[in-house]
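Trainee: the following block contains a protein sequence and its predicted model.
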Amino acid sequence: QSALTQPPSASGSPGQSVTISCTGTSNDVGRHNYVSWYHQHPGKAPKLIIYEVSKRPSGVPDRFSGSKSGNTASLTVSGLQAEDEADYYCSSYADIKTLVVFGGGTKLTVL
Amino acid sequence: EVQLVESGGGLVEPGGSLRLSCGTSGITFGNAWMTWVRQAPGKGPEWVGRIKDSTQGATTDYAAVVKGRFTISRDDSKNMVFLQMDGLKTEDTAVYYCVKGLCTDTGCHWDDAFDIWGQGTMVTVSS
């Protein structure tokens, strides 16, 4: 069982927006503003798309946005495109015992 | 081009050992904290452990599930990082990735945001 809880699936039509949640605890998501999001296409390594809750690394489209409220972080993908179909994972800095915790993943389907 | 390349994966019996290697290029390896992340088939990634740079004693931290069995080391002369895995269990079966934290104008996210990943190497623990 993963440390962070994500819905197993999400879907949307091209051009629509979809939001994926990531629920942790007061020891990880709720305590630190170090939430990251990754997407992963089949057979590939994960790719970082959001860090520090809402910042985008260079080259990541502004269609991807992040936010946090309490122990829950969220990723919104706007203007869905076929290439956005992938598995999405959240992560959070945690504590000195387990530095980083990940979510179990959400499979995003573009209808 | 920034690149991380893992090697050393394979099939091993429970209780056995395996040593993974990660070669790097295009990064300032001597200053980098390097992390190992694994991903079991059909599951989310799992943080395994991290080694700091040599100026900080190359100190290591590990996930509780591997502490005492896995050891991370580095060779700065070869720009390489290693993961020695002993006492392997079936639940250690996963793709193992060598990863590096994101560095921006304001600093490096060694422990919370990983922007450089290797291609991964598969470790299968089975009898």
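Mentor: Done, it's in. Residues are numbered from 1 along each chain as shown, chains lettered A, B, ... in the order given.

Trainee: just the helices in chain A please.
Mentor: All residues of chain A lie outside helices when identified by DSSP state H.

Trainee: pLDDT weak spots in it?
Mentor: A:1-2 (pLDDT under 70).

Trainee: what does it put close to chain B?
Mentor: Residues of chain A lying near chain B by CB under 8 Å from any CB of the partner chain: A:2, A:32, A:34, A:36, A:38, A:45-48, A:51-52, A:57, A:89, A:91-93, A:96-105. Where C-beta positions appear, they are placed from N, C-alpha and C, glycine not excepted.

Trainee: mind listing the strands in chain B by residue range?
Mentor: Counting by DSSP state E, chain B has strands at residues B:3-7, B:10-12, B:18-25, B:34-39, B:45-51, B:60-62, B:70-75, B:80-85, B:94-104, B:107-117, B:121-125.

Trainee: so for A:Ala82, which of the ones you listed sits nearest?
Mentor: strand B:107-117 (23.1 Å; CB to CB).

Trainee: which of the residues of chain A next to chain B are buried? Put it as a ChimeraX command.
Mentor: Of those, the buried ones can be selected in ChimeraX as follows, counting by 16 or more other CB atoms under 10 Å in any protein chain shown:
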select /A:2,32,34,36,38,45,46,47,48,51,52,57,89,91,92,93,98,99,100,101,102,103,104,105
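
Trainee: re the thing from before, okay if I get the strands of chain B as JSON lines plus distance to chain A, mean neighbour count and mean pLDDT?
Mentor: JSON lines is the format used below for those (distance: least, CB to the nearest CB, whole Å; neighbours: other CB atoms under 10 Å in any protein chain shown; pLDDT from 0 to 100):
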{"stretch": "strand B:3-7", "distance to chain A": "9", "mean neighbour count": "17", "mean pLDDT": "97"}
{"stretch": "strand B:10-12", "distance to chain A": "19", "mean neighbour count": "14", "mean pLDDT": "98"}
{"stretch": "strand B:18-25", "distance to chain A": "13", "mean neighbour count": "18", "mean pLDDT": "97"}
{"stretch": "strand B:34-39", "distance to chain A": "8", "mean neighbour count": "24", "mean pLDDT": "98"}
{"stretch": "strand B:45-51", "distance to chain A": "4", "mean neighbour count": "23", "mean pLDDT": "96"}
{"stretch": "strand B:60-62", "distance to chain A": "6", "mean neighbour count": "18", "mean pLDDT": "95"}
{"stretch": "strand B:70-75", "distance to chain A": "13", "mean neighbour count": "18", "mean pLDDT": "98"}
{"stretch": "strand B:80-85", "distance to chain A": "16", "mean neighbour count": "21", "mean pLDDT": "98"}
{"stretch": "strand B:94-104", "distance to chain A": "6", "mean neighbour count": "22", "mean pLDDT": "96"}
{"stretch": "strand B:107-117", "distance to chain A": "4", "mean neighbour count": "20", "mean pLDDT": "94"}
{"stretch": "strand B:121-125", "distance to chain A": "11", "mean neighbour count": "18", "mean pLDDT": "98"}
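
Trainee: thanks a lot, see you next time.
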